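Q: Sequence first, predicted model second:
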Amino acid sequence: MVERYVMSIDQGTNSTRCILFDHRGRLVSVAQHEHEQHFPRPGWVEHDAAEIWHNLQRVVPEALSVAGVDADRIAAVGIANQRETTVLWDRRTGAPVTRAIVWQDTRTAPLVDELRRRPGEEFFLERCSLGPSTYFSALKLRWMLDNVKGLKQRAQDGEVLFGTMESWLIWNLTGGPDGGLHLTDPTNASRTMLMNIRTLTWDDELLALFGVPRPVLPEIRPSAEPYGEARAVLPGVRITAALGDQQAALFGQTCFSPGEAKCTYGTGSFLLLNTGTELVRSRHGLLTTVAYKIGDQEPVYALEGSIAVTGSLVQWFRDRLGLISSAPEIETLARTVEDNGGCYIVPAFSGLFAPRWRSDARGVIVGLTSYITKGHLARAVLEATGWQTREVVDAMNADSSVALKQLKVDGGMTADNLLMQFVADVLDVPVVRPMVIETVSLGAAYAAGLAAGYWSDLEVLRRNWHRAGQWLPAMDPERRASEYENWQRAVERSLGWARAPRSGEAD
């Protein structure tokens, strides 16, 4: 019998990847292309959606070629995507009307302040479980409608379409201007501030508040369900799943039971805790989000802690400071010293995300003395990721009332053993890494294969999970408490640096 595979497309913040997986969840082939990051002003981050679609057209044939198979050997396709990044495109031509605004972008900070004053945070928490933040798509969409000439009228006339990256790619894959499917799933829709978190439908009050016309919106479909067949790139192959990247990682880590959690360490880091079909409202700075929805089953929810800057801090250390020439070198450099020498780095490059949500924060380095070397700075870079994880876990433990007993980890930074040991030390729980660390891609593949009948149920997927690494806590409790207190003091010094421009000042 000819073996078939499931294809995963992972459209991330820095690149687009295509990976083929077999029935045991093993990686068969991979292709990847990076896309350009645009920074037109301080705090602005943009992507060219057309470039990303072009890259997808390149990586899919490359992944098939590496595996030595044709498209007819693909049982199904699942898509995972960078969430909140906002795209608007012309319904007739398929051309983006402007660059996509990326999830990291902070240009909407004045609108955030306005919405917090009126109608107030509680209005949003009741409907979408998200407080106003530059993070979410609705504010980016509102900014586009207000600032791109003629766009508001075109949106009202139904001439343009809105979506996050999975909507953009599915629309193009299924025909684009010639009948392309315009859809999203609840994991992505729950990050827009436009979807009612309980009904999983677009909320009329939120649409009215943000001034978003219904004709621009995609249809909300389950995360795992046959959507339709591709007409471009993979003609005839079924597209059967779409999930936001972090929910896909939760799925790929097989965290299917309430209380199971994972943290993905990438450009940013994202910790998700499965809360089952219960919608748990956070009181400690976390987000309530949809974890996944399989077909007509009840939706599964999660608590999420989003950390804006982790892997990108290592990139900054490499590219902006030039203290290392490749990312893996940071561990080697950090191991040249025994500790951080009293130095702490708070990487609030675009404000602080969970659990503080302070868009006025900016990065600081504290504790500098003439004793500090680049080795101490390297260690402080890694430790910043550990301490930010600790803050999120503390909030999660308080919200869920059940202390975390183990953390599953994935993503590129998990290759850094010093970092993973530090995370275990500051959390005081075991940290475990699976054999397949590309869990975002694996989760999209699992959801797609499940919807297509390639895998029969969740238990089959659980049996595919195998541990590759484990780190056990070994830090002295007094040292842990002392250094955590120092970290919190450092964070306090990062707050309040950014401010809205005064009247007459340039922004």
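A: On my side now, so go ahead. Fair warning: this is a prediction, and the values are worked out from it, not measured in the lab. Residues are numbered from 1 along each chain as shown.
Q: For stretch 129-140, output the C-alpha coordinates as PDB.
A: Extracted in PDB, the C-alpha atoms of stretch 129-140 (Å, rounded to 0.1, in the frame of the first residue of the first chain):
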ATOM      1  CA  SER A 129     -12.600  37.900  27.100                       C
ATOM      2  CA  LEU A 130      -9.900  40.300  25.900                       C
ATOM      3  CA  GLY A 131      -9.000  43.700  27.300                       C
ATOM      4  CA  PRO A 132      -8.000  46.500  24.900                       C
ATOM      5  CA  SER A 133      -4.400  45.900  23.700                       C
ATOM      6  CA  THR A 134      -2.300  46.800  20.700                       C
ATOM      7  CA  TYR A 135      -1.900  43.000  20.400                       C
ATOM      8  CA  PHE A 136      -5.300  42.200  18.900                       C
ATOM      9  CA  SER A 137      -6.600  42.400  15.300                       C
ATOM     10  CA  ALA A 138      -9.600  44.600  15.600                       C
ATOM     11  CA  LEU A 139      -7.500  47.600  16.600                       C
ATOM     12  CA  LYS A 140      -5.200  47.100  13.700                       C
END
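Q: What are the contacting residues of that stretch?
A: Under the criterion C-beta atoms under 8 Å, 6 or more residues apart in numbering, residues 84-86, 101, 103, 105-109, 111-112, 115-116, 121, 124-125, 164, 190-194, 197, 206, 210, 212, 279, 281, 287-289, 306, 350-351, 353, 357, 359 lie in contact with stretch 129-140. The C-beta positions use only the backbone N, C-alpha and C, and glycine is treated the same way.
Q: report the longest helix in the protein, please.
A: Counting residues, the longest helix found in the chain (DSSP state H) is helix 374-400.
Q: what's it packed up against?
A: Counting by 3 or more C-beta pairs under 8 Å, 6 or more residues apart in numbering; DSSP states H and E, the packing neighbours recorded for helix 374-400 are strand 261-265, strand 269-276, strand 300-307, helix 311-319, helix 329-334, strand 344-346, helix 417-427, helix 477-494.
Q: That helix: how far from the chain's middle?
A: Distance of helix 374-400 from the chain centroid (C-alpha atoms, centre = their mean, to the nearest Å) equals 18 Å.
Q: I'd like the average pLDDT over it.
A: Mean per-residue pLDDT for helix 374-400: 95.
Q: what do you get for stretch 183-202?
A: Rounded mean pLDDT across stretch 183-202 is 97.
Q: With stretch 226-242 instead?
A: Per-residue scores along stretch 226-242 average to 96.
Q: Pull out the buried residues from it.
A: 226-234, 237-242 (16 or more other C-beta atoms under 10 Å).
Q: Stretch 82-94 too?
A: Those would be Q82, R83, E84, T85, T86, V87, L88, W89, R91, G94, for stretch 82-94 by 16+ other C-beta under 10 Å.
Q: Endpoints of it, how far apart?
A: 20 Å (C-alpha to C-alpha, to the nearest Å).
Q: close enough to count as contact, W143 and T98?
A: No. Using C-beta atoms under 8 Å as the test, W143 is too far from T98 to be in contact (10.2 Å).
Q: Tell me the pLDDT of S503.
A: On pLDDT, S503 comes in at 39.
Q: Also R283?
A: pLDDT, read off for R283, is 87.
Q: what's the answer for the one 5 residues further on, then?
A: Per-residue confidence for T288 comes out at a pLDDT of 92.
Q: go on, W44?
A: 93.
Q: OK, contacts around it?
A: Residues near W44 by C-beta under 8 Å, 6+ apart: H38, I101, D105, T106, R107.
Q: Out of the residues you listed, which comes closest to T389?
A: T106 (22.4 Å; C-beta to C-beta).
Q: I figured that closest one was touching S359, is that so?
A: Yes. In this structure, T106 is within contact of S359 by C-beta under 8 Å, at 6.0 Å.
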